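Below: sequence and its predicted model.
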Amino acid sequence: MYILDSSVFIRGHIKEGDTATVPGVSSELVGDSKLRFEVMRGEGMKIQIPQEKTIKQVSHVAERTGDSGVLSMTDVCLIAAAIELDGVLVTDDYAIQNTATELGLDIEGIVMDGIKQRRKWIFQCESCGKVSKTIQERCRVCGGAMSRKNPLG
Ligand SMILES: [Zn+2]
């Protein structure tokens, strides 16, 4: 599942396979890019409306990474959608990439032959060893402190 940022539609960087985006992206598009959006929607692109708690989780991490000032609500929703759908976020926005990486999400740039950045972190409870793909303040099992482990590659 690919989660598509508005720049995907603007650049016409069409992805094969399952795709999704968030409602806010549509309002950032005009002309050809809007048409691409409608075509992909007609072909089954999912419109994900993230839950409040996931949005809060993203906002919290963005504050810590220093990206919260530059992320729009649509950006935050895109990251939240990627968490909920366990998808690969497709964007060339640095602040989105940075926050998504901090959350352990897979990201893919839009530059056609360019850098394909894939970094996956895992988080592990220091008390019970419970592993999580997304960042959490406290372990959901025992309430212990979570720490970030090396990327899985
Ligand atoms: Zn634990």
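Arrived safely.

Please parse the protein into its domains.
Annotated domains of the chain cover 2-108, 120-153 [automatic domain parsing].

so which of those is the most packed in?
domain 2-108 (a mean of 18; mean count of other CB atoms under 10 Å). Backbone N, C-alpha and C define where each C-beta goes, glycine included.

wait, doesn't residue 34 sit right on residue 26?
Yes. With contact defined as CB atoms under 8 Å, residue 34 counts as touching residue 26 (7.4 Å).

which ones are touching the residue sitting nearest the centre point of the chain?
Centroid-nearest residue in the chain: residue 79, 3.0 Å away (criterion: CA atoms, centre = their mean). By CB atoms under 8 Å, 6 or more residues apart in numbering, the contact set of residue 79 is 58, 62, 71, 89, 96, 99-100, 103, 105.

go with 7 Å
Contact analysis of residue 79 by CB atoms under 7 Å, 6 or more residues apart in numbering lists 58, 89, 96, 99-100, 103.

Nearest to the ion among the domains of the chain would be which one?
Closest approach to the ion among these is made by domain 120-153 (3.1 Å; CB to the ion).

so how far is the closest one from its chain's centroid?
19 Å (CA atoms, centre = their mean, to the nearest Å).
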